[in-house]
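Colleague: Pasting the sequence and the predicted coordinates here, then a few questions.
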Amino acid sequence: MDKTLSPPTLTQETAFPSATTPTRPLSTAPTRIDRAVPKPTWRGKLFGALVVLFILGGSGAFLGERLGRPEKETLPPETGTSPRDPDTVLVTVEPITYRSVQRRVEVIGTLYGYEEVAIAAKVDGRVRKIHHDVSDCVKPGDLLVEFDPTDYELLLSQAEKSLRVDLAKLGVDELPVGPKFDVERLPAVMQARERLHNAKLRYDRICTLARNGAVTTEELTDKTADYRAAEAEYRQQILMARSLVATAEMKRDGLAIARQQLQDMTIKVPVPLQRVPGMEGDVTYVVSQRSVSEGSFVRSGTEVYRLVINRMLKLRVLVPERYSNEIQRGQRVEVATAAHSQPFIGLVVRINPTVDPVNRTFQVEIEVPNPEGKLKPGSFAKAAIFTRHDSEVATVSLEALTTFAGVTKVFVIENGRAKEVRVALGMQNTEWVEILPGTALPRGAQVITSGQTALADGTPVAVRCPLK
């Protein structure tokens, strides 16, 4: 229960300290006493402090923005111009420029050596000595590798002895080269021929006597048999002589093979049969790969070296079909690689007459001189093939282009208004771009180079005077 506070009793001295003040009778009605105001809690104090800080922070940010905001850039007033329509857009213009342009087709490809030679072993053998290694420069005829020739020396000796046996049977020291061997000169054939001649003489004489009745029939029969036997023996000796000559010729070829195998025990740099441009009489190879080591056994057909002519390279590129009428032999080409800042100059030497139906391209081969060996076969390269030279090409600056939704256009001024013209682009660099023929850009037209974002077809425009 709330306790009821009784009002305090006021005395005259207490209420009126002055003695001269007249006294008033005190009212007996109860006097209203105000209740005591409770003190604020700590939550209230914290909330108030936060409100004050928020107000002060907002005021500071507003003042800082006002003080730190730069003055709005204003364009200088137009001088020498008449008052214009407020809807008119100020623009800058530039005339269409006609310039000379060198046409080129840019493609990519791979560099190859002018000739790459894979040298393989022709016979089985064990490697005895390696004479050159990777990156060595070699010339035709230089020795690359030697194999152990012992086995093939023995085979050669055996072939020589076997041939001498047959030559001894034929009665000659060597077989003649060229026309066929005359077997009539062989002793066995000559002997059979003489026996046949004698038998024929006796047969002819007995036939004459038989016609005169001077000999018996039995004698005639014997002489006839002797003659036929001599004739058969002569023919047999001819056949045997021919067979012996054929065997000797076969062994002579075997001897030549053994000699060649012995020569194949050493592998040398081959001599190119075709002419290498820029290297007449001084062809040089470089060893790009070595596949064997000393002491290893190599089978016939195993690749032992790979050589490449790197002083003249071939760049093979694929050109799109649409440029088939522009690429010609003898055209100049600039070849660039990632390893060199300066391009190399080459020439188109071969053009494939067919188009690949898969990717619709045709191959072009470019010869690139490399006298110092800076370019390396197998490198990736970019090529620019210079095709033709056009003297009157319409160009505009890059600032004049506007592209929206895949449509490229420029604005020109016509009767004080902007006119939209769609254009097709050709060659370009960092400053200008070519406008392909077929667009409605008259010669000498002024194209707008700034303010295009506020323009539409038919918008009134005014040319801004250049600042001085």
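Modeller: Received the coordinates, thanks. Numbers count the residues shown, from 1 in each chain.
Colleague: what comes up buried for the helix or strand harbouring Val412?
Modeller: Here Val412 is covered by strand 407-414, with elements defined by DSSP states H and E. Buried residues in strand 407-414, counted by 16 or more other C-beta atoms under 10 Å: 409-413. Glycine gets a C-beta too; all of them are placed from N, C-alpha and C.
Colleague: Ok, stretch 92-106 next?
Modeller: The neighbour-count check on stretch 92-106 (16+ other C-beta under 10 Å) flags 93, 96, 101, 104-105 as buried.
Colleague: hmm, back to that, next, format the buried residues of strand 407-414 as CSV and append pLDDT and distance to Arg322.
Modeller: As requested, the buried residues of strand 407-414 are exported to CSV (pLDDT from 0 to 100; distance: C-beta to C-beta, whole Å):
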residue, pLDDT, distance to Arg322
Lys409, 90, 25
Val410, 91, 26
Phe411, 91, 31
Val412, 90, 30
Ile413, 88, 36
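Colleague: ok, then the element right after the lengthiest helix in the chain?
Modeller: What stands out as the longest helix in the chain, according to DSSP state H, is helix 217-263. Note on helix 217-263: by DSSP H and E, the next helix or strand toward the C-terminus is strand 266-268.
Colleague: Give the next helix or strand downstream of that next one.
Modeller: strand 285-290.
Colleague: circling back to that earlier point, the longest helix of the chain packs against which elements?
Modeller: If you count contacts as 3 or more C-beta pairs under 8 Å, 6 or more residues apart in numbering; DSSP states H and E, helix 217-263 packs onto helix 150-170, helix 187-212.
Colleague: Report pLDDT for His389.
Modeller: What the model reports for His389 is a pLDDT of 87.
Colleague: so what's it up against?
Modeller: With contact set as C-beta atoms under 8 Å, 6 or more residues apart in numbering, His389 has these partners: 100-103.
Colleague: Please identify which pair of these lies farthest apart.
Modeller: Pairwise distances among these were taken by C-beta to C-beta; the largest, 10.8 Å, belongs to Ser100 and Arg103.
Colleague: picking that back up, nearest to Asn359 among the contacts of His389?
Modeller: Among these, Arg103 lies closest to Asn359 (C-beta to C-beta), at 23.1 Å.
Colleague: could you dump the buried residues of stretch 92-106 to TSV with distance to Glu367, secondary structure and pLDDT?
Modeller: Compiled in TSV, those are given as follows (distance: C-beta to C-beta, whole Å; DSSP: H, G, I helix; E, B strand; the rest coil; pLDDT from 0 to 100):
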residue	distance to Glu367	secondary structure	pLDDT
Val93	48	strand	90
Ile96	40	coil	89
Val101	26	strand	88
Arg104	18	strand	89
Val105	17	strand	93
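Colleague: could those residues be laid out in JSON lines, adding distance to Arg211?
Modeller: Shown next, in JSON lines, are these (distance: C-beta to C-beta, whole Å):
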{"residue": "Val93", "distance to Arg211": "134"}
{"residue": "Ile96", "distance to Arg211": "124"}
{"residue": "Val101", "distance to Arg211": "112"}
{"residue": "Arg104", "distance to Arg211": "105"}
{"residue": "Val105", "distance to Arg211": "102"}
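Colleague: Of all the helices and strands packed on helix 217-263, which one comes closest to Thr224?
Modeller: Among the helices and strands packed on helix 217-263, helix 187-212 comes nearest to Thr224, with 6.1 Å by C-beta to C-beta.
Colleague: Under the pLDDT cut-off, which ranges of the stretch 301-450 of the chain? List them.
Modeller: Applying pLDDT under 70 to the stretch 301-450 of the chain picks out no residues at all.
Colleague: shared neighbours of Ser100 and Arg103, anything?
Modeller: The contact lists of Ser100 and Arg103 share 389-390, where a contact means C-beta under 8 Å, 6+ apart.
Colleague: Now do the phi/psi pair for Thr453.
Modeller: Backbone geometry at Thr453, expressed as degrees, to the nearest 10, gives phi -70, psi -20.
Colleague: List the residues that contact it.
Modeller: Thr453 neighbours (C-beta under 8 Å, 6+ apart): none.
Colleague: list the contacts for the closest residue to Glu249 other than its chain neighbours?
Modeller: Counting by C-beta to C-beta, 6 or more residues apart in numbering, Glu249 lies nearest to Leu175, which is 6.2 Å off, once chain neighbours are set aside. Counting by C-beta under 8 Å, 6+ apart, Leu175 touches 167, 181, 245, 248-249, 252.
Colleague: which of those tops the neighbour count?
Modeller: Counting by other C-beta atoms under 10 Å, Ala248 has the largest number of neighbours within the contacts of Leu175, with 23 neighbours.
Colleague: number of nearby residues for the closest residue to that residue other than its chain neighbours?
Modeller: Distance criterion C-beta to C-beta, 6+ apart; nearest residue to Ala248, sequence neighbours excluded, is Asp166 at 3.9 Å. Other residues near Asp166 come to 19 when the count uses other C-beta under 10 Å.
Colleague: I'd guessed Asp166 sits against Leu244; true?
Modeller: Yes: counting by C-beta atoms under 8 Å, Leu244 is a contact partner of Asp166 at 6.3 Å.
Colleague: residue ranges with poor pLDDT in the stretch 151-300 of the chain?
Modeller: In the stretch 151-300 of the chain the weaker segments, taking pLDDT under 70 as the threshold, are 177-179.
Colleague: how about the helices and strands packed on helix 217-263, which one is nearest Leu318?
Modeller: helix 150-170 (48.0 Å).
Colleague: For that closest one, buried residues please.
Modeller: Judged by neighbour count using 16+ other C-beta under 10 Å, the buried positions of helix 150-170 are 151-152, 155-156, 159, 162-163, 166-167, 169-170.
Colleague: Which segments of the protein make up each domain?
Modeller: Following automatic domain parsing, one gets these domains for the chain: 89-102+391-463, 105-111+311-389, 118-147+266-308, 150-263.
Colleague: just so I know, which of the ones you listed lies nearest Ala49?
Modeller: The nearest among these, by C-beta to C-beta, is domain 89-102+391-463 at 50.5 Å.
Colleague: Any idea how far apart the tips of that closest one sit?
Modeller: From its first residue to its last, domain 89-102+391-463 covers 8 Å (C-alpha to C-alpha, to the nearest Å).
Colleague: distance between it and the chain's centre?
Modeller: 38 Å (C-alpha atoms, centre = their mean, to the nearest Å).
Colleague: again, but for stretch 132-139
Modeller: On C-alpha atoms, centre = their mean, the centre of stretch 132-139 falls 26 Å from the chain's centre.
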